[in-house]
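Trainee: Turn this into a structure:
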Amino acid sequence: MDTWKQMMDWKRMAEEYFGDQFFTPNQNQRSTNNQNNESPLCNIYDTPQEICCVLALPGLNRTEDVEVMVDPFKLTVQGKLSLTLDSYHLSSEEFQLGAFHREIHLPERVLQEPVQAFYRKGLLFIRLLKDTRPGANQRKVNLNWVQE
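Mentor: Numbers count the residues shown, from 1 in each chain. Coordinates of the predicted model:
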């Protein structure tokens, strides 16, 4: 039997079983930071001095609907997204609406102040300064002497 035909039959059966397209185009282009299909999606950009996180937040209505918290190696963004169109009902949903919570592990240590955040055209931009102080990534460990 033709190997290609067997593979296509298997693909068709998998799609019927899972109820969706089993092999999606560009499925390997997701960031390793987003393996669990977390939402909202986030891109991270950096320069020698700063890190900029850009999150896709369509449906953010007010600044009070989102909260941003910064740790030296982690950014946490949580809130609520909503989008309603009068006289329409939702028949297909591809981006998440409702409550969200996203933790983003940063590639380098950042300062917790100052932080700039602004929202424009459905995107939340968060600019963080890298902590470039000498020894900022090191912690001194206290050594306890044990007598035998």
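
Trainee: Next secondary structure element downstream of the helix or strand of the chain with the lowest mean pLDDT?
Mentor: Least confident helix or strand of the chain, by mean pLDDT, DSSP states H and E, is helix 3-18 with a mean of 72. Going down the chain from helix 3-18, the next helix or strand is strand 42-46, by DSSP states H and E.

Trainee: contacts for that next one?
Mentor: 33-34, 51-56, 102, 104, 106-108, 130 (CB atoms under 8 Å, 6 or more residues apart in numbering). Where you see a C-beta, it was placed from the backbone N, CA and C, and this is true even at glycine.

Trainee: Out of the residues you listed, grab the one that's most surrounded.
Mentor: The residue in the contacts of strand 42-46 with the most neighbours, by other CB atoms under 10 Å, is residue 55 (25 neighbours).

Trainee: That residue reaches residue 96, doesn't it?
Mentor: No - using CB atoms under 8 Å, residue 55 is not in contact with residue 96, being 11.9 Å away.

Trainee: what do these two both touch?
Mentor: Contact criterion CB under 8 Å, 6+ apart; residues shared by residue 55 and residue 96: residue 40.

Trainee: Contact partners for residue 111?
Mentor: 128, 129, 130, 131.

Trainee: Model confidence score at the third one, please.
Mentor: As summarised for this prediction, residue 130 has a pLDDT of 95.

Trainee: could you check the distance from the nearest residue to it once chain neighbours are set aside over to residue 72?
Mentor: The shortest distance from residue 130 to any residue other than its chain neighbours is 5.3 Å, reached at residue 108 (CB to CB, 6 or more residues apart in numbering). Using CB to CB, to the nearest Å, one obtains 9 Å as the distance from residue 108 to residue 72.

Trainee: Common neighbours of the two, please.
Mentor: By CB under 8 Å, 6+ apart, the residues touching both residue 108 and residue 72 are residue 131.
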